[in-house]
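J.: please find the sequence and the predicted model below.
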Amino acid sequence: MLLLLFSIVSVCRAWQLSLTQEELDRGVAYRGSGLGAVLDKLRASRSTTVSAVGGSITHGHGAGPGAQPDHGGTDLSHGHPGWSRLAFDYVQEAWPGNHTYTNGAVPATGSDFFSLCVERHVHRESDVVFMEFSVNDAGGADAGVLQQQELVIRRLRRMLPDAALVFVHFWNHFPERNDPLWEPEWFVSPEVQTTALAQYYDVTSLSLRNAVLPSVLGGIRQTSDFAQDRSHPLGHKMLADLFVHALSSPPQRPAAGYLPPPLVPGNDGAPNTCRFGRSLAPSSGTSRSLRLKRPDTKREH
């Protein structure tokens, strides 16, 4: 165990963390226990598979200079690794091996989309699944978002009962404090509901808001240090650093495969409810009259 911790600390130093120790500690909103199994595999030099789902942040928007929305739906990172890829690169650097990375993000989508289709967007042998929904779920901080996010978790738990699930939160940040509207922006995030789900389902929860808010309010940081605009980060290193920190303290392993009853009564989800593109036709009943139209992708988060 001491050798493992020394190895992680050494890699963290080479990694050059962009958050202070206090910020890192605050940013782990709920540690959970799922990452323990991941560490067991890494320590045993076994291959690990990492998947990520979310909106345009996970797709790469804001990952580096020139990383702007691409309405063609291709790559928003412009060649710069996004936060989930940076997190994967850390795993590859700390424990070299034949690891696998899958990015199933879809720009301008939230948990409503993935509550139906998440199985199509993650590797079927994932050991870690990152979930980034807070920005696109913002403004829906109600029972609907709780229900949608719970369905994502339950679908993933059934598909991948032993995988570590990890919420990663950016948020629609507040303006600088001299703006009279700054205060309500703290609540423009479903993190309250997400934290309840994380605790109930033992899902790791990492929050950039938790990490940097006291530093911003104390005048140590400005929002421009970490935000490109109100909905996208400026560089993704801080988000990746939260995962690096969470992985550096091995938690206890949970009971494998345990899925509790739904937190929202009856919220268990129907199988095979994901339909898009040409798969819509067989389920339409009148496929002759069905015309597929390219969706409007101008709304970008």
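T.: The structure has been received and is ready for your questions.
J.: helices along the stretch 201-301 of the chain, start to end?
T.: With helices called from DSSP state H, counting those that start in this stretch, the stretch 201-301 of the chain shows them at 208-217, 237-247, 280-284.
J.: could those helices be laid out in a markdown table, adding mean neighbour count and mean pLDDT?
T.: For the C-beta atoms, the positions are set from N, CA and C on the backbone; glycine is no exception. What follows is those, written out as a markdown table (neighbours: other CB atoms under 10 Å; pLDDT from 0 to 100):
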| stretch | mean neighbour count | mean pLDDT |
| --- | --- | --- |
| helix 208-217 | 20 | 87 |
| helix 237-247 | 24 | 94 |
| helix 280-284 | 12 | 60 |
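J.: shaky segments in the stretch 151-300 of the chain?
T.: 172-188, 228-235, 250-257, 271-272, 276-300 (pLDDT under 70).
J.: which parts of it are strands?
T.: Using DSSP state E, counting those that start in this stretch, the strands of the stretch 151-300 of the chain run over 164-169, 204-207.
J.: so which of the helices of the stretch 201-301 of the chain gets nearest H169?
T.: Minimum separation from H169 across those (CB to CB) falls at helix 208-217, 6.2 Å.
J.: tell me the angle the closest one makes with helix 237-247.
T.: 120 degrees (axes from the mean of the first three to the mean of the last three CA atoms, to 10 degrees).
J.: what's the nearest residue to N136 if we skip its chain neighbours?
T.: Spatial nearest neighbour of N136, excluding adjacent residues (CB to CB, 6 or more residues apart in numbering): G110 at 3.5 Å.
J.: just give me the neighbour total for that neighbour.
T.: Residues near G110, counting by other CB atoms under 10 Å, number 25.
J.: cool, G144 as well?
T.: 15.
J.: for the one helix or strand it maps to, list the C-alpha coordinates in CSV.
T.: Assigned by DSSP states H and E, G144 belongs to helix 143-159. Extracted C-alpha coordinates of helix 143-159, given in CSV (Å, rounded to 0.1, in the frame of the first residue of the first chain):
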residue,chain,number,x,y,z
ALA,A,143,-37.7,16.0,-9.8
GLY,A,144,-37.4,15.5,-13.5
VAL,A,145,-33.6,15.8,-13.5
LEU,A,146,-33.4,13.5,-10.5
GLN,A,147,-35.5,10.9,-12.4
GLN,A,148,-33.4,11.2,-15.6
GLN,A,149,-30.0,11.0,-13.8
GLU,A,150,-31.2,8.1,-11.8
LEU,A,151,-32.2,6.2,-14.9
VAL,A,152,-28.7,6.8,-16.3
ILE,A,153,-27.2,5.3,-13.2
ARG,A,154,-29.6,2.3,-13.2
ARG,A,155,-29.0,1.5,-16.8
LEU,A,156,-25.2,1.6,-16.3
ARG,A,157,-25.4,-0.5,-13.2
ARG,A,158,-27.3,-3.2,-15.0
MET,A,159,-25.0,-3.1,-18.0
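J.: what residues of that helix count as buried?
T.: 145-157 (16 or more other CB atoms under 10 Å).
J.: what angle do that helix and strand 164-169 make?
T.: Going by the same axes, to 10 degrees, helix 143-159 makes 150 degrees with strand 164-169.
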